[in-house]
Every structure is written in structure tokens, then in C-alpha cells.
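>>> show me the folded form of this:
(one chain, ligands or ions: 1)
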Amino acid sequence: MPSRPVPFLKGHGTENDFVILPDPLGGLRLSAATVARLCDRRAGLGGDGLLRVVRCDAIPEGRALAGRAEWFMDYRNADGSLAEMCGNGIRVFARYLERAALIRPEDGEVPIGTRAGIRHVRLTGTGSGDGADGGDGGAVTVAMGAARLPSGPGESVTVTIGDRRWPARHVDMGNPHAVAFVADLAEAGPLLEPPAVTPAAAYPHGTNVEFVTRRGPGHIALRVHERGSGETRSCGTGACAAMVAAARRDGRDPAADGTSVHYTVDVPGGRLEISEHPDGAVEMTGPAVIVAEGILDPAWLGPAE
Ligand SMILES: N[C@H](CCC[C@H](N)C(=O)O)C(=O)O
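Got it, this is the predicted structure:
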């Protein structure tokens, strides 16, 4: 059991929600089982994932980045599994740092360490959110890095649910995505189980699966079944993967035609604005809200692992 009370916060970005654990010196030991208990929506705090806020020099995965970033987003999925990156989560992470007076809007682009490498966040404050965020603080912009579209055998994959199957595009945003285009998002059904994706070799550690439909020029909508969390109301990296796949499907490739492309991406939990630039950089802007702050009961948390 930790010797001291453990502060936590709850936050969300387009209703992709997270438990936030400030742990600057990296003293917390978080097993997958503990993370799953914390993310449990009945017996725990509830969340699609968990963001541990730790100094780069206090976590092994961060030490190599310590010269380039002060803070590391230690992201875990609701089942306790690790993931390389979380696009909605890093916006909420930035909102926490702002609330803790560790970053300010005037700081401009702030580097954050992740398992996918350094990502930059910027407190824009120009609320582009869905209004459902209570107008709390406006938007955060994230430089999400470049999308990787594997060519060759892993380029095209197949998503299968029951007797239905869809061709999909493999897009890597630091974490894996299989993006399928559908006429109607309801085609995916209840999405209670992870869709099967073949060839399995394309995703040795599993994948996130997005079902995307076109709403108009530069406008798509999606549903997502997230690796390690199930269907969520939003997936930031998934929205970026869907946007890049939609752009290629619409004949757009900024690296080839030298001009940026922008899409509005509607997710069940709100709206994200995403651009891809000729240098490959993908940039996402969306809301980030801190909902609550509290103290975890040390007895509930159990023995320090
Ligand atoms: N479930 C994802 C990580 C969280 C991604 C999502 N919540 C986002 O906002 O990008 C994975 O295992 O790769």
C-alpha cells in the first residue's frame, strides 16, 4: 500500500476519457491489473485509459528523451496494456500540465515524451471542441508526427466481423490502425468484440480498427474499436489514421502535390480538426477537459507493487 494518499484526476478529449495520475518522480508501480482496476467503470474510477504524468528522467522509457522533453506520458489502455501513443490523451495530458502551472499558452510548442517518441503540444485555447466540454479551456493542438503507410504485404488488410468483411488500409501513427471505409457506420454493428484483422502478421501486437464514412469534401466521420479498450467515443491517433487514409482515397498526398490537406473528423464524442502537410507532419486540434480531481484511498489501491 502506498505510504501516502495518491492524487488522481479525470479528464477527456472528445469523450475519450482517462484517469490521470501525477507521479513526477515515478514512485508509483502500476501493474496491468491495477490499471484495469482503476479504469473499471463500476468498481474503479472508470476510463478508456490511464495517463501517468512522470518526468522523463524518472522512467526508463523516458531517459533517452530526457534531454529533449521534461515530461513523459506513460499511457496505458483500459485493460492495462501499454500503447505507444494516445492522441486524445496527450491533449488531456497537456491540459493537466497547464492546470498544474507546469506549462502556459505562451510556451508555444511543448515537447512531450511518449513510447512513440517526442510529440509536441500547443495550448491554443481557441475552442474548436464540441461544446459538450463545458467550454473548459478550449483546444489543444498536437503535432502527431507523420503517418506511416506500410507498402507491400501489410498495406492492405481485411477486417472481419461475423460474415461481413471489409478491405482496410494499414496506417501507423506510432500505434497501429486498420482503417475500413463503409457507406454507413451502423454496418459495423455493436462492436462488442475486437474485429478480426488479417493477415494477422500485419499486426503482431493487435490493432485499433476504424470504420469511416465520408460526409463530404474534407469531412469524414468514424467509429473505432480500440486495442485494449473496446469501442470508445473517440480515438485521436485513429482519427489521424482515418484522415490520412481518406486523403489518399481522395487522391491527395501532400508529400507528392506539395499542398497541405485538412479534414474535419467527426467522432461519436465530438469533432477533431486534422491537417497533413507536405513534410508529412500530421497536426490535430481538439478539446481537452479536466473533469474532476480527488484522492485514491491507499487501502483500495492495495500494496505497492
Ligand atoms: N488503444 C490505443 C491507444 C490509445 C489511442 C487513443 N485513445 C487515442 O486517442 O489515440 C492502442 O492500443 O494503440
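
>>> show me which residues of this protein are close to the ligand?
By the rule CB under 6 Å from any ligand atom, the part of the chain lying against the ligand is 16, 49, 77, 83, 86-89, 175, 208, 226-229, 235-238. Heads up, the C-betas are built off the backbone N, CA and C, glycines and all.

>>> 5 Å instead, please
By CB under 5 Å from any ligand atom, the residues of the chain that approach the ligand are 16, 77, 83, 86-88, 175, 226-228, 235-237.

>>> list the contacts of the residue lying closest to C86 once chain neighbours are set aside.
Distances taken as CB to CB, 6 or more residues apart in numbering put Y75 closest to C86, at 4.5 Å, once the chain neighbours are dropped. By CB atoms under 8 Å, 6 or more residues apart in numbering, Y75 lies in contact with 49-52, 82-83, 85-86, 89, 114-115.

>>> among those, which ones are buried?
With neighbours counted using 16 or more other CB atoms under 10 Å, the contacts of Y75 contain these buried positions: 49-52, 83, 85-86, 89, 114-115.

>>> narrow those residues to those in helices?
Among those, the members found in helices (DSSP state H) are G89.

>>> and the buried ones among the contacts of Y75, which is closest to A146?
Proximity of the buried ones among the contacts of Y75 to A146 (CB to CB) peaks at M85, which lies at 12.6 Å.

>>> return the residues in contact with the closest one.
75, 114-116, 119, 144, 173-175, 237.

>>> what about G87, how many neighbours?
Close neighbours of G87, defined as other CB atoms under 10 Å, add up to 28.

>>> again with G218
17.

>>> swap in the one 3 residues further on?
Applying other CB under 10 Å, we find 17 other residues in the vicinity of A221.

>>> and the helix or strand that contains it, average pLDDT?
With secondary structure defined by DSSP states H and E, A221 is part of strand 219-226. Mean pLDDT, strand 219-226: 98.

>>> do stretch 14-24 as well
Across stretch 14-24, pLDDT averages out at 97.

>>> hmm, back to that, so the residue nearest to C86 belongs to a strand, correct?
Yes. Counting by DSSP: H, G, I helix; E, B strand; the rest coil, Y75 is located in a strand.

>>> quick check: bridge partners of it?
On the basis of DSSP bridges, Y75 is bridged to L51.

>>> on the pLDDT front, check it for me.
The model reports Y75 with a pLDDT of 98.

>>> the one 4 residues further on now?
pLDDT recorded at D79 is 98.
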